[in-house]
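S.K.: Have a look at this prediction, sequence included:
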Amino acid sequence: MNTKAMCLFRPAATAHILRSAVSVFALAVLPFVLAGAPARAEISQEPLVLTAPVNPNLILGIDDSGSMDGELLMPANDGALWWHTGNQSFADGSSVNFNPDGSANDTWKKYVYLFPNGTGLTDGRRNYADSTHDHYAVPPVPAFAFARSPEFNSAYFNPGETYSPWPDVGGYTFNGAVPASAKTDPVYGSVTLDLTADSTGSDQNHVFRMFAGMTLPSGSYVCIKNGPGAACSWTTLAADELLLGDRWVGIRYFPATFYVSSGAALPAAYESYTGDLTPSGHSPGAALPDLVRYEIKPGNFSNSADYDTAIQNFANWFTYYRKRHLATRGGIARSFDESSRLYAGSFRINSRSNVSMRDLSVESERQSFFQEVLTSVGSGGTPNREALYHAGQQYERTDSSAPITYSCQQNFTALFTDGFSNPTSGLVDNEDGTAGSPFEDTASGTMADIAMHFYQKNLRPDLPAGDVISQQGCASANPDPWLDCREDLHMVTFGIVLGNKGEIYLEDEAATEDPYSNPPAWPLTFPNRHPSAVDDLWHATINSRGDMLSARRPSEISDKFGSVLNNIAGRVASAAAVATNSTRLGSDTAVFQAAFDSSNWSGELQAFRINDDGSVNNSSVWAAGDELDAISEANLWSRNILTAAPPAPAGGSSLLSTTGRDFVWHELATSQQEALRQQAGGGSLVSEAEGQARLDYLRGSRVNEQPGGGMRKRDSRLGDIVNSDPQFIYQQDFGYLLLDQSAAFSGMGVGASYKAYRESAAYQSRPPMVVVGANDGMLHGFDASLGAAGGKELFSFVPHSVYDNLYELTLPEYSHRFYVDGSARVADALLNGTWRSIAVGVAGAGGKSVFALDVTTPGTMTDSDVLWEFSHPSMGYTMGQPAVVPLPNKKFGVVVTSGYESGATDGVIWILDPADGSIIFSIALPNSGGLGAPLVVDLDSDRVADRIYVGDTEGNVWRVDLVSGNTSSWKPPKGLMSGTKPVPLFVARDAAGQRQAITSPLSSAFNDKGRHALFFGTGSFYRVGDNLVPASPDVDSFYGLIDEGQVISGRADLLEQEILAEVSTGGTRVRGVTDHDLPDGGSGWFIDLLWKGTYGGPGPAGERVVSRAAIRGDRVIFATVIPNPDPCAFGGESWLMELNTFDGGRLDYAVFDLNNDGNFDENDWITVTDENGNQVRVPPSGIAPDINIIKTPAIIAGIGENQDEVKVMSGSSGQLIRISERGGVGIGRQSWRQLR
Amino acid sequence: MHHQHYCRGRQDGAALILALIFLLLMTLLSTSSMRTSTMQERMSGNMRDWNLGFQGAEAGLREAEQYLLGANVLPDFNNADGFYQINSPERPVWVGEETSDGAGFINYPAEIDGAARRPRYYIEKLSSIRPAGSSTETGTPVEEFYYFRVTAAGYGGATENDGDPLTAVVLSSVYRSR
């Protein structure tokens, strides 16, 4: 959406029209404009649990009527210039003649061209020959200078515009036009015009048609003919020659000429213009010259570079924008050049054949679509009513290639027309007769009626009704009348016209701005090619809750039309894992749940107490969003919001900032201020005052929110929290007392000093805290106590890496994107010999950086507590949680990976100094996929890091050993090196050998044989389309690998366990799993996440694991995700699996109390058919929580006298639920001996 | 043919080794039973004192184990006052020539009738002995460890000249609390 362009056109735009226009179309236009050119399967910028993966349909009806060939766009009938033979003038007073009849005849002579170049549309020439009464070229004489001025002919070259060649689509490559031989059509023919030299033509259809009353001025070099085929000779006129009859005149003219009013502002290239600025041309009806002529000739510019710029711009206009159909074809191509999430098809309004919808995400189909668009020329009338009706009928098709393929699909028709239509009737009745104001009228069969017909009708009764997502705001009691609240399949109409006015549209300013408050008196009669047709088209867009886009200049089309609606249902959901303040039940045990509301993209973080019986208390103790919203406008300054100065080049090509700033305007760097002053779709910066207002908005100010102001209305100051798992920190023991017993740190006394740190008054008195990233651009720290201070914001931090997109948050047409969406790490660490508590955050899909804050005293942080922000050219979107660990070289390190979409072939693991962000160590992993979160393990129980493991999206599991105090010896073990290059420990592949992405964080533990084992599931749920389950989904798996430092060659070396059955017992769905024994020397186990057909199951369902597994002794616990197979439904479901840690099989005891008798015993077992066909009773190994999609639950132990556990999890439906489970098995005395 | 011959030869050797092992085992068993009976004769005079100490030490163990089972929040094992990291040099030493109470212990909450001193104990967190299936990740708050070594001393009634108990029995258990 181009608010600026729209405001230009509607200068007095009110908040109301902003609502109507912006809410409907801005939403429509933005996603594509802002999203940029997406690569295939790019990272989704919306929560996948909510977005419908169904792309909308858009049918383009392209006006291929003869009038689209015109090179004039005058405020007159058909956009033409009309010569009145009686008045012998183009003008009526100071306006051009309108010609209300609309027809050319003996009285009215119609002019539509400026550059007569013969005929032959597909040769790049004119569509029309000079006829008896019409399709003439306007003579290049000073009296008609206005036809060559953008101030009067809005199709003409405007020196203030920059004209670019068409985008390279449809298999074409479009270069800058060559001024000395500018093509007359970019794709048709080979005809050129030399724009740098005088043009002379006297052949038929190369001459200018002149009538009695026109004057050829003295000095003209002309060749006057009495008939089209007559001969003539060139001569220079010595005096003005008033023509007394019809003439066919060759006139020498310089093509690169334009006229503007005297004193008009011109761009910088014309500052060195030295030509004569005495007015020499006439505006319509002017007796004296009042227009200045500019001829783009080398001799008229003192600076040759300025000349080159000017003539190139003119040449580009000439080749790519000169005609209405040129501007339309190129404008459509440019509009959809960056779109991929769309099914688009086009038809020409004069050849209304079946439309083939093209999936713009498929390259070959894109080619076909653009090919069609770029070659859309034709001739004939302008049957817009038939065209719109045809589009509606297309959506009603039920054949195998019908445009509508899903019951929730949104369907749009955009009519690109010059608007001067030929009305027919009888297609529909008066469909809007009782629709109320401003929709209704008494006319039948109009464009408005057709649009209403297909808006109200269920286009596909054969598909389920009521599945289409209505617009945000429809849920309210009295939805605004301009909202599209239809939930049955329907068609929304947009009109894109070339700046023509109706009798009301753009004439009645109040009605144009707000037709809802000022309902237009809709026209009831519609003469041919009459402006009333424009009003009717406008009426049609209102009836179907679309919008009218009037591109005053044809080049505005691409600005005006960028995309179609991509609605996200407004609903409350949760996608992050819950945090808990204790792993054991106590009186103050609570869980912290993050959630978001997609209707206005607000977020919430709430604390819920856990009752004595392990249940979750229904009412929250506090809600951080409410606390933020309770701050008065005057007190907003007191929010402690910090940021970092822009990173600068540092060692190892890293970009590092170690300077903290307050998030206030005068502390920001100029580049940061300018980032806040950006406009959607580029363009010049908004004023500094507007930039400051935006910063105030980001700090929480609501004074500029709609409807009082122009910025996006928020439900809460707290932005949506989607994928950032809240992190709780209080006085947890990181075990660093043990460092004194480690080889690395021995003798340094750091263990003792850690003990002293934890006993210090500051540590003891600091509040408990939850740290979470939100998509309001900030990492937040909230007081996590359960008293009065609970939920209050302690600090926030805006990382530099999100600045470039911050301004979008303030736009009413905001389309969701991620800002600070990664999970932070909050940990104790030794910084330059001093113990501190630090928070290390990542932006997730919102940015490419990692940043560290000193949160030792979270309530009194200052800019000096911003430790650093680090980025690197090899760093992608850091979606994995960083680690903060003690290293064998006596230092602490922040371990972070290069993440996703880094653009580099090799992924990188960096270890950074937590004190200053400098690189301690880095290692490249050759040809890796996107790297997930690092897992850093300690094998000898001294807390010092011994190994780093990381998985990637290509299924590789990498291992790097940190073996001594010398970082140069840190590398994979010998068995995982090929020469000097690391090789993966394992590559996850399915049964067919296809790589399985690892996006979940890894877990590790020693197994029952004392061998080190890794646990992870595979699958991807972060990219666009990951929530769409294809017909034959890939199979993902869960692995338990035993790491012996040698390559595990594949699943053949692993024990397979299988899901035997899914059964429903007492309303709960549970799973039974095999219990094969791991053979001695086995390299581990795996289980494919499907109920195979061989066991009576449905086969692959798209089940995957994207969250971390919890290892609890002999139990490995993980949550799976199965997106809903119906693309029109949201979310999906999950299984909570609990398997034997050591062999992946079922446990031999019940962990779920299926019969709810409080006991975990054989009464909770299920009967399944085992792999040998025998009926067996087994404990269930998985349970379906039925709250949509879950992440790994928080586990709280110590419930009741049996020390049972409760698992608390947050579903994507927004609910918190708990599952009671059997506590640890085998409590008691393990061994006994007498020492004396 | 050659393969079969080779196998038969191996079997002959194994039978010989097995016979030798059985002989060794039987010798060990008989020696051990002789020693036990000799010791029992020597200890009979101190039996009551020893039994009192043993019961006290066992009471100390059970007291500590009940505490570990019931406590929702355990104190930091800060190498003092009865709570120690495993094998901490500061822990009490109650076995051997040079005994010490280290950086402190916990007294049994009640007197034992006839005993010269209350039982006492200390608890060590078994963080260095990771039970199977506990996470090896570092840089995170330490997982609640559920394994502890409890060491308890119980005392007999007889005392030395300085009033210290003559007989001390020290027991140790490894306990899992969750």
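M.R.: Looks like it arrived, so ask away.
S.K.: Only C-alpha atoms from now on, for both contacts and neighbour counts.
M.R.: Fine.
S.K.: What about the residue in the stretch 1-150 of chain A positioned nearest to chain B, how many residues nearby?
M.R.: Here the stretch 1-150 of chain A gets closest to chain B at one residue, residue A:47, 28.1 Å apart by CA to the nearest CA. Burial measure for residue A:47: 27 neighbouring residues, criterion other CA atoms under 10 Å in any protein chain shown.
S.K.: Ok, residue A:670 next?
M.R.: Here the neighbour count serves as a burial measure; for residue A:670 (other CA under 10 Å) it reads 12.
S.K.: Now do the same contact list for it.
M.R.: By CA atoms under 8 Å, 6 or more residues apart in numbering or on different chains, the contact list for residue A:670 is empty.
S.K.: Residue A:251 now?
M.R.: Listed by CA under 8 Å, 6+ apart, the contact partners of residue A:251 are A:139-140, A:200-202, A:207-208, A:220-223.
S.K.: One more pass at 6 Å, please.
M.R.: Neighbour list for residue A:251: residue A:222 [criterion: CA atoms under 6 Å, 6 or more residues apart in numbering or on different chains].
S.K.: give me the beta-bridge partners of it?
M.R.: The residues paired with residue A:251 through beta bridges, assigned by DSSP bridges, are residue A:222.
S.K.: which SSE is residue 151 in?
M.R.: All of this refers to chain A. Of the helices and strands defined by DSSP states H and E, none includes residue A:151.
S.K.: try again with chain B
M.R.: Under the criterion DSSP H and E, the helix or strand holding residue B:151 is strand B:147-155.
S.K.: how deep is residue 146 tucked in, by neighbour count?
M.R.: This is for chain A. There are 25 residues near residue A:146, going by other CA under 10 Å.
S.K.: try chain B instead
M.R.: By the criterion of other CA under 10 Å, residue B:146 has 18 neighbours.
S.K.: For residue B:125, see how far away it is.
M.R.: Relative to residue B:125, residue B:146 is positioned 8 Å away (criterion: CA to CA, to the nearest Å).
S.K.: what's the nearest residue to the residue of the stretch 1-150 of chain A closest to chain B if we skip its chain neighbours?
M.R.: Nearest non-adjacent residue to residue A:47, counting by CA to CA, 6 or more residues apart in numbering or on different chains: residue A:722, 6.7 Å away.
S.K.: Do I have it right that that neighbour meets residue A:572?
M.R.: No. If you go by CA atoms under 6 Å, residue A:722 and residue A:572 don't touch, sitting 11.0 Å apart.
S.K.: more neighbours, the two?
M.R.: residue A:722 (29 against 19).
S.K.: ok now do residue A:102, which residues does it touch?
M.R.: When contacts are counted by CA under 6 Å, 6+ apart, residue A:102 touches A:77, A:529.
S.K.: Surely it is in a strand?
M.R.: No. The assignment for residue A:102 is coil, going by DSSP: H, G, I helix; E, B strand; the rest coil, so no strand is present there.
S.K.: Next, give phi and psi for it.
M.R.: For residue A:102, the backbone dihedrals are phi 80, psi 0 (criterion: degrees, to the nearest 10).
S.K.: now do residue A:332
M.R.: Note on residue A:332: its backbone torsions stand at phi -70, psi -40 [degrees, to the nearest 10].
S.K.: and the gap between it and chain B?
M.R.: In this structure, residue A:332 lies at 54 Å from chain B, with CA to the nearest CA, to the nearest Å as the measure.
S.K.: Let me know the pLDDT of that residue.
M.R.: Reading off the per-residue confidence, residue A:332 sits at a pLDDT of 83.
S.K.: where's it relative to residue A:343, distance?
M.R.: Here the distance between residue A:332 and residue A:343 works out to 14 Å (CA to CA).
S.K.: More neighbours: the two, which one.
M.R.: Counting neighbours by other CA under 10 Å for residue A:332 and for residue A:343 shows that residue A:343 has the greater number, 25 against 22.
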